[in-house]
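Trainee: make a model of this:
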Amino acid sequence: MKKKTTDMKEALDTIYKADNILILPHILPDGDTVGSSIALYLALKKIGKRPFILLDEELPYNIQFLPCEYILNRIDEPLRFDLTISIDCSDMDRLGARNEYIHKAKNSLNIDHHITNTYFADINVVDPKAAATGEIVYFFIKNLGVPITKDIATCLYTALSTDTGSFKYDNTSAQTHRIVAELFEKNVDLNFVTTQVYQNKPLHKVKLLSEVLNTLELYFDKKLAILCITKETIEKVGVKTEDTDGIIEFARDINGVEVGVLLKEMGKDKIKVGFRAKYDVDVSKIAALFHGGGHKKASGCTIHDSIENAKQLIIKTMENYL
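Mentor: Below is the predicted model of the structure:
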């Protein structure tokens, strides 16, 4: 029976009873899912568990400074896990092919903060009010009685900083800042983390930005801004998919724009669509119309059509919101 809860007592009991524990960050990994996963891994090690983190994708350049040596891209041991913990995954699709581990483990736990979470695990600790999944993982670690080390603090700070847009988004709360204050007391190297996460862009990413800005189109009295990234552009500049992260914010941040949209061609007739809102438009509802999910001001979905048809579909849909 699937259980919805923000009360972590049962989840903690399940962790205490488990030995081999598999941690699963989501596909297209970001700072929240990776930082939270490693922080939880380090805490579980401290209480004598045997945790594993499984992720078969390359990490974005700006979070590779985290202690990623704990992340495996495959597990050769014939283990049946006592517990599988998905981190920052709103639904099973966010696990990709690794979703099979949810069914194979004796128990599954879903730790997430997306309002669109489908509560797919046996136990679901989902708190949409949390600024990041890292905020929920912080309370897990505190309740496990594990001291916050510098490494754990650095991982959690990265999770919180990246998922709040450097504490700009309105999901950032007083609680978020209280947690960050405690993390700073553990000697997080703020200048190092800031440099690695935000000030270390590869040249090819800047060149990609130049190409993508040339696709900018504005609609509805300049309240909607749309950017497009085609496979041709990615191949021309010689970048990877993860190098497109953050570009959508250039659409949202234009004066007068209320919603920024980035359409990214992932393959033939497979378009990943990102939405970012500035004011009152709830873009999680728009993404949900296309079987996507996310937050009120940051969401995404996938449309199976050409990039031009996907763009026209989004424009038509936005008529009802702008």
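Trainee: where in the stretch 201-322 of the chain is pLDDT low?
Mentor: Judged by pLDDT under 70, the stretch 201-322 of the chain has no weakly predicted residues.
Trainee: count of neighbours near the closest residue to Y321 other than its chain neighbours?
Mentor: Nearest in space to Y321, with sequence neighbours left out and distances taken as C-beta to C-beta, 6 or more residues apart in numbering, is V281 at 5.2 Å. All C-beta spots, glycine's among them, are computed from the backbone N, C-alpha and C. Neighbourhood size, V281 [other C-beta atoms under 10 Å]: 20.
Trainee: now do the one 3 residues further on
Mentor: S284 has 24 neighbours, counted by other C-beta under 10 Å.
Trainee: now it: how far from Y321?
Mentor: Counting by C-beta to C-beta, to the nearest Å, the gap from S284 to Y321 is 12 Å.
Trainee: and the nearest residue to C228 once chain neighbours are set aside, how far is that from I254?
Mentor: Excluding the flanking residues, the one nearest C228 by C-beta to C-beta, 6+ apart is T215, at 4.4 Å. As judged by C-beta to C-beta, T215 and I254 stand 14 Å apart.
Trainee: for N117, give me its contacts.
Mentor: 90-91, 110, 124, 126, 128, 293 (C-beta atoms under 8 Å, 6 or more residues apart in numbering).
Trainee: let's see it at 7 Å
Mentor: 90, 124, 126 (C-beta atoms under 7 Å, 6 or more residues apart in numbering).
Trainee: H114 touches C89, doesn't it?
Mentor: No. In this structure, H114 is not within contact of C89 by C-beta atoms under 7 Å, at 8.2 Å.
Trainee: distance from the centroid: which residue in this structure tops it?
Mentor: D221 (31.4 Å; C-alpha atoms, centre = their mean).
Trainee: SS state for that residue?
Mentor: Assigned by DSSP: H, G, I helix; E, B strand; the rest coil, the conformation of D221 is coil.
Trainee: cool, and the one 4 residues further on?
Mentor: Here A225 is recorded as strand under three-state DSSP.
Trainee: where's the residue nearest to Y321, which helix or strand?
Mentor: If you go by DSSP states H and E, V281 is not part of any helix or strand.
Trainee: and if you look at the one 3 residues further on?
Mentor: Element membership of S284, judged by DSSP H and E, is helix 283-289.
Trainee: who touches the next helix or strand after that helix?
Mentor: Moving toward the C-terminus from helix 283-289, the next helix or strand (DSSP H and E) is strand 293-294. By C-beta under 7 Å, 6+ apart, the surrounding residues in contact with strand 293-294 are 90-91, 114, 116, 284, 287, 299-300.
Trainee: return the subset of the residues you listed lying in helices.
Mentor: Among the contacts of strand 293-294, DSSP state H puts 284, 287 in helices.
Trainee: flag every buried residue along the helix or strand encompassing A43.
Mentor: Secondary structure from DSSP H and E places A43 in helix 31-46. Using 16 or more other C-beta atoms under 10 Å as the test for burial, helix 31-46 gives 31-44.
Trainee: then stretch 160-180?
Mentor: By neighbour count on 16+ other C-beta under 10 Å, the buried set for stretch 160-180 is 160-165, 169, 171-172, 176, 179-180.
Trainee: now stretch 268-286
Mentor: Residues of stretch 268-286 classed as buried by neighbour count (16+ other C-beta under 10 Å): 270-277, 281-284, 286.
Trainee: nothing else from me, thank you.
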